[in-house]
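Colleague: Everything below, folded, please.
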Amino acid sequence: MKLICEISVHNRMAPHVKPRSQQSTLALGYHPPSAKKDADNLFLIHFTATNKVGTRYKLKRNIEKVFTKFVQDGKSTFSLKQPPHDLQIRCDPISLKAFLQTFKNALEGKLDPAKPGLSTLAVTGVPKKAVPVKSMTILSPSDYPLKGLPKTLTTLIINGIRKCSLDSSILSLNNLQILNMSNNHIEHLPKKLGDLPLVQMDLSNNRLGKSVFSDWDWIDKQRIKSSLQNLNLSGNELRVFPYKLVKLRKLMVLTLKNNCLQHVPFSIRRLKSLRTLNLADNQFKSLPDVFSRISLDTLDVSGEEMFLSPFAISIAPHDPMAVICRQPPTLWQLATKIVMTKKIKYGPCDLPATVIDSLEEFPLCGCGLLCPPINIHFQACIVNVRTTSLVQSHHMTSIPGDSVYCSDYCRRHKYFI
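Modeller: A predicted model of the protein is given here:
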């Protein structure tokens, strides 16, 4: 009879040594196989993955005690005289009870050797633990596992199978770090996506441009904001920059090429960790001058339709055009200006989250102050990008941009960044 269990072997001659528990097979039977089947040849043999031959323990007049107080919990201990070992066993309670009953009958000579229960003992293997599946690639619908996705996945690639959504089996992968679902038909991203500890996500060549802004609510989740470092949203027919992307504070690589974007928000300055930004093949007329404050390794603004607006190409660096928006300020706008001017610290305990988001969305004036919508001035300029590598179309000599000023004084003094 064989028992699959976990065993730790304690040597009573070395009580200070604390052995570790090992996945084991404990076999009860006669040894050697050709020996006479009587009590003199009855053995326990302890097999482990590192000891495939096994350690034999003779049973006749060699049992000190068998502890069975915690059998209901699946625990028992065999204390042997020679060698002075205690075999501490842990396994399924039902299997343990059956093994102990057979063990007792064998010692008392009540078990017929010809009946099932005891057998001759040869080398027996320890069942190997199932290797957890860490990575899976699905390139056709037939590759999708019928029993669902393994919970141990850290990398999942589902490419080109026309999948339209992220189902619950994907959203329950709590160990997932890399998700590639490019070349599908995804239009909607569920809010629960933000609960995954993703480091890299590729959603290129889908249909996210047809979704509404609420589909970006997954970015509000704290877990995704503190983990995501690489995001690819290329080829999604995006017409508006998803403004919530600026909340991904750990983001290092952002790819938005081959969309229909026309503007980048001033709040992109919040991406403090951003090092690579790919905006190629969009329809930008200009870039915000905050790029002069962002240190990038690579900025790609190449494309035939980039910066082709007649307004943009007619602007010279020393001939600025200003668009001045004058309107009576509201009370909250005045309060915002005081907070920004006095550099008053604020946090979630002081202001509602929506107000904090609004404050952080405001652009920066050349003087360094945030600009609430009070007499905001937009002025064409040339963006001096701080980057190690700038990729742009061969005919471009400069990048037109937009500046925002907090007052006429700043505009007159031309605080170009």
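Colleague: and Leu254, what pLDDT?
Modeller: Leu254 carries a pLDDT score of 96 in this model.
Colleague: so what's it bridging to?
Modeller: In this entry, Leu254 is beta-bridged to Leu231, Leu277, by DSSP bridges.
Colleague: what's it in contact with, if anything?
Modeller: 231, 233, 245, 271, 274, 276-278 (C-beta atoms under 8 Å, 6 or more residues apart in numbering). C-betas here are computed from N, CA, C, even on glycine.
Colleague: can you tell me how far Thr298 sits from Val246?
Modeller: Thr298 sits at a distance of 19 Å from Val246 (criterion: C-beta to C-beta, to the nearest Å).
Colleague: Have a look at those two and say which one is more surrounded.
Modeller: More neighbours surround Val246 than the other of Thr298 and Val246, with 21 against 14 (other C-beta atoms under 10 Å).
Colleague: before we move on, the earlier item: what subset of the contacts of Leu254 is buried?
Modeller: With burial judged by 16 or more other C-beta atoms under 10 Å, the buried subset of the contacts of Leu254 is 231, 233, 245, 271, 274, 276-278.
Colleague: In JSON lines: those, plus distance to Ser142 and pLDDT.
Modeller: As requested, those are exported to JSON lines (distance: C-beta to C-beta, whole Å; pLDDT from 0 to 100):
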{"residue": "Leu231", "distance to Ser142": "29", "pLDDT": "97"}
{"residue": "Leu233", "distance to Ser142": "28", "pLDDT": "96"}
{"residue": "Leu245", "distance to Ser142": "35", "pLDDT": "93"}
{"residue": "Leu271", "distance to Ser142": "40", "pLDDT": "91"}
{"residue": "Leu274", "distance to Ser142": "39", "pLDDT": "94"}
{"residue": "Thr276", "distance to Ser142": "36", "pLDDT": "94"}
{"residue": "Leu277", "distance to Ser142": "38", "pLDDT": "94"}
{"residue": "Asn278", "distance to Ser142": "34", "pLDDT": "94"}
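Colleague: nearest to Asp217, of the contacts of Leu254?
Modeller: Nearest to Asp217 among those: Leu245, at 12.5 Å, using C-beta to C-beta.
Colleague: doesn't Thr255 make contact with the closest one?
Modeller: No - with contacts counted by C-beta atoms under 8 Å, Leu245 stays clear of Thr255, the gap being 11.4 Å.
Colleague: ok, back up a step: going by distance to Gly401, which of the buried ones among the contacts of Leu254 wins?
Modeller: When the buried ones among the contacts of Leu254 are compared for distance to Gly401, the smallest value, 14.6 Å, is given by Leu277; criterion: C-beta to C-beta.
Colleague: residues in contact with that closest one?
Modeller: For Leu277, the contacting residues are 254, 256, 296, 298-300, taking C-beta under 8 Å, 6+ apart as the criterion.
Colleague: re earlier: so which of the contacts of Leu254 comes closest to Met1?
Modeller: Met1 lies nearest to Leu231 out of the contacts of Leu254, by C-beta to C-beta, at 56.8 Å.
Colleague: ok, the closest one to Leu254 distance?
Modeller: Taking C-beta to C-beta as the measure, Leu231 falls 6 Å from Leu254.
Colleague: For these two, list the residues in contact with both.
Modeller: Taking C-beta under 8 Å, 6+ apart as the contact criterion, the common neighbours of Leu231 and Leu254 are Leu245.
Colleague: Spell out, range by range, the strands that occur in the stretch 1-150 of the chain.
Modeller: Shown for the stretch 1-150 of the chain, the strands assigned by DSSP state E, counting those that start in this stretch span residues 2-11, 22-30, 42-48, 55-58, 63-67, 75-80, 85-90, 119-120, 135-138.
Colleague: could those be laid out in a markdown table, adding mean neighbour count and mean pLDDT?
Modeller: Rendered in a markdown table, the data for the strands of the stretch 1-150 of the chain read as follows (neighbours: other C-beta atoms under 10 Å; pLDDT from 0 to 100):
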| stretch | mean neighbour count | mean pLDDT |
| --- | --- | --- |
| strand 2-11 | 18 | 91 |
| strand 22-30 | 21 | 86 |
| strand 42-48 | 21 | 87 |
| strand 55-58 | 16 | 88 |
| strand 63-67 | 14 | 91 |
| strand 75-80 | 19 | 92 |
| strand 85-90 | 19 | 93 |
| strand 119-120 | 14 | 50 |
| strand 135-138 | 15 | 94 |
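Colleague: JSON lines please, covering the ones you listed and showing distance to Asp350.
Modeller: Putting these into JSON lines (distance: least, C-beta to C-beta, whole Å) gives the following:
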{"stretch": "strand 2-11", "distance to Asp350": "54"}
{"stretch": "strand 22-30", "distance to Asp350": "55"}
{"stretch": "strand 42-48", "distance to Asp350": "60"}
{"stretch": "strand 55-58", "distance to Asp350": "67"}
{"stretch": "strand 63-67", "distance to Asp350": "62"}
{"stretch": "strand 75-80", "distance to Asp350": "55"}
{"stretch": "strand 85-90", "distance to Asp350": "54"}
{"stretch": "strand 119-120", "distance to Asp350": "75"}
{"stretch": "strand 135-138", "distance to Asp350": "45"}
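Colleague: Is it correct that Ile268 falls within a strand?
Modeller: No - residue state for Ile268 (DSSP: H, G, I helix; E, B strand; the rest coil) corresponds to helix; a strand is not indicated.
Colleague: Surely it is in contact with Lys247?
Modeller: No - the criterion here is C-beta under 8 Å, and Ile268 misses it with Lys247 at 11.3 Å.
Colleague: how is the chain carved up into domains?
Modeller: The chain is divided into the following domains under automatic domain parsing: 2-120, 135-261, 322-412.
Colleague: Save the ones you listed as a markdown table, and put in distance to Glu304 too.
Modeller: Compiled in a markdown table, the domains of the chain are given as follows (distance: least, C-beta to C-beta, whole Å):
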| stretch | distance to Glu304 |
| --- | --- |
| domain 2-120 | 62 |
| domain 135-261 | 12 |
| domain 322-412 | 7 |
